[in-house]
Each structure stands twice: as C-alpha cells, then as structure tokens.
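Q: Next come a sequence and a model predicted from it.
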Amino acid sequence: MRVKCADLTDLIAWYPTGQLTDNQRAAVVRHTAACPACRAELARTLALARAVQDAAVRLPGAPRDLRATVLAAAGAAPPRPDAVDQSLAILRLVLPDLTEVLTNPLVLLPEAAGRWLPIPG
Amino acid sequence: MEQTDARLLARIGAGDQTAFARFYDRHADRVYRYCLARLRDPHRAADATQETMVAVWQGASRFAGDGSPLAWLFGIASRKVQDAWRRRGREPTPTAEPEPSATASPDPWLEQAEARLDVLEALACLPPEQQEVLLLTYYGNLSVREVAAATGVPEGTVKSRLYHARRALARAMGARG
C-alpha cells in the first residue's frame, strides 16, 4: 500500500526519538527513499532534534550538594501512601480484621451476639 | 542486575531509601537539565529538581505500574517548572530577545557554548507549551503517548503542538543564525 506524505507527518516528527515501531520506521525509510520532499523534512527534523538534544545534554548536571539535600528531605518525611492505602489504614484502625468481618459480621455488633439467629441456608 | 525504574518506584513507594537514592542517581541530571533549559536559572532549576525528586519520594505509591516512569517523572518536573514561574509572579512570555536577567548577570553555563546558547535562546522565544513538547520529545525521547501522559493533554494536541513547535524553533534559529 502506498503511504501518503500526510500519513508520514507524525512518524517523521517522532522518528528521532527511537520510539517508533519497526513497521513505522520501515514505512518512513521506504517512503523517504522515494519522496524528496519527505526526505528533506526528515533531514530537517533530525537536525532540529539533534540541536535540541545537544543543547540540553551539554548543560551541566545537577549540583553535587543537591543529592544530600534531597536524600535528607526524603529521610525527614516518610512517603505518603496513596488514597486507597490511607483509607484501608483508617479502616483497619476502626474496624476489626476485615476478613473476620466478612466471615462473622456480628463482630461489628457484639451486643447482638446470641440475639440474632443465622438465616437457614 | 539493574532494576527497572518501575521496580525502583515500587520499592520507593514502600519507603525504601536505598531505591530512592538509586533513582535519584539515575535521573537527577536529566531532570535538572530539563528544568534548567526551561527556567534558564541554575538556582531555580535546582529548586525545581529538588521539589520533583521529593515529590517522587512522597508520591511513588501513586505511580501506576503500567505507565511510563519517565513520563511520570517528566510530568512532575513540568509541573514544578510551572510552579517556579508562578512563584515568580508571571508565566514565561515568548520574547524576541533573550530575557534581561540572562544578559544582565550571565551564568557560566550560558557563556560556554555559542551554539548551545543559540538553541536555548531560540527555545526561549517559543510559548511554554512548545518549549515543553520539544524538550520532552527530543531531549526526553518520549513517545506521543508518554508526552500526552506527562503534560495531561490529548495525543492529538501533542502532535499539533510539536508540529507548530518544530516550525517555530526552526524559524527562531534561522533568525539568529
């Protein structure tokens, strides 16, 4: 199937990232081999991507003393559990063991024990 | 054996400080350079990097294991960059010229390489969302889906932004060349 130039626009844009599938890369290579306009667009995109990457990569790395600061901050504050974990933690504090609740709901109402009869199965 | 980022994040979520130190060593430079390219100020970039990494420590349990750790990390960094602009009292505005602060008190990193400066200055002329998509794509090497996850916008918007950003950067670099 012949690929149209318009179909290649996004593939060419992401070609420099190495994130295309093998089939997508092959489509770009096949099409640009036969299409001078898209070949030129690919060359411009590769040059631009390289320029951005080089400019960023050549910037200095994180300051050396930042590591100790960050690790100290982490040591001072424990990770926050996510919302579900927090809810479960609260439930565990106020409720008896959840498994026990499921198997024996009367643990929630100890005063009802002996007064409620199980429903015959 | 080298642990994947996802595995490290799972351990960090459980409070493993050794895993966090390893994650920091693996990604701190990458995050700092991203923040520096966006903020163009080493001190504010360091602050944003610190905030990003502390957010990783505190929020690792919220990372969805089937997502991209890098997209998640860059997403946090992007929000910290926006916070830094907000604290300064204004959003970055695209300018035809380098920001006065960059010319008035140049930092060593700004003076080291003319070519690098040209690209970074050209980048600074673009709207923030175009700077973001260019850096996430060509520095972060993120896929369309990952950029969308990091920025919280639909994939179609990411594609459109990159399309316009590439042309805008090429024009800005040409104008300075």
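A: Done, it's in.
Q: Residue numbers of chain A in contact with chain B?
A: Within chain A, the positions lying close to chain B (CB under 8 Å from any CB of the partner chain) are A:9-10, A:13-14, A:16-19, A:44-45, A:48-49, A:51-63, A:66-67, A:69-71, A:73-75, A:77-82, A:85. In short, each C-beta sits where N, CA and C put it, glycine included.
Q: ok, 6 Å please
A: Applying CB under 6 Å from any CB of the partner chain, we find that chain A lies next to chain B at A:10, A:13, A:17, A:19, A:48-49, A:51-53, A:55-56, A:58-63, A:66, A:70-71, A:73-74, A:79-82.
Q: which one is residue 67 nearest to, not counting chain neighbours?
A: Chain wasn't specified; assuming chain A. residue B:24 (6.3 Å; CB to CB, 6 or more residues apart in numbering or on different chains).
Q: I was after chain B.
A: residue B:149 (6.4 Å).
Q: That neighbour touches residue B:70, doesn't it?
A: No - here residue B:149 does not reach residue B:70: they are 9.7 Å apart, not a contact under CB atoms under 6 Å.
Q: now stretch B:156-171: mean pLDDT?
A: Averaging pLDDT along stretch B:156-171 yields 95.
Q: Could you do stretch B:127-135 as well?
A: Mean predicted confidence for stretch B:127-135 is 96.
Q: Give the other helices and strands that the strand or helix carrying the residue nearest to residue B:67 contacts.
A: Using DSSP states H and E, residue B:149 maps to helix B:144-151. Helix B:144-151 is packed against helix B:69-87, helix B:155-176, with contacts defined by 3 or more CB pairs under 6 Å, 6 or more residues apart in numbering or on different chains; DSSP states H and E.
Q: Check the ones you listed for me and report the most buried one.
A: helix B:69-87 (a mean of 20; mean count of other CB atoms under 10 Å in any protein chain shown).
Q: who's in contact with that one?
A: By CB atoms under 6 Å, 6 or more residues apart in numbering or on different chains, the surrounding residues in contact with helix B:69-87 are B:5-6, B:9, B:31, B:34-35, B:38-39, B:44, B:48, B:51-52, B:55, B:63, B:91-92, B:132, B:136, B:140, B:142, B:146, B:149-150.
Q: Up against chain A, what does chain B have?
A: Residues of chain B lying near chain A (CB under 6 Å from any CB): B:15, B:20-21, B:28-29, B:32-33, B:36-37, B:46, B:49-50, B:53-54, B:57-58, B:61-62, B:109, B:116, B:119-120, B:134, B:138-139, B:141, B:143, B:159, B:162, B:166.
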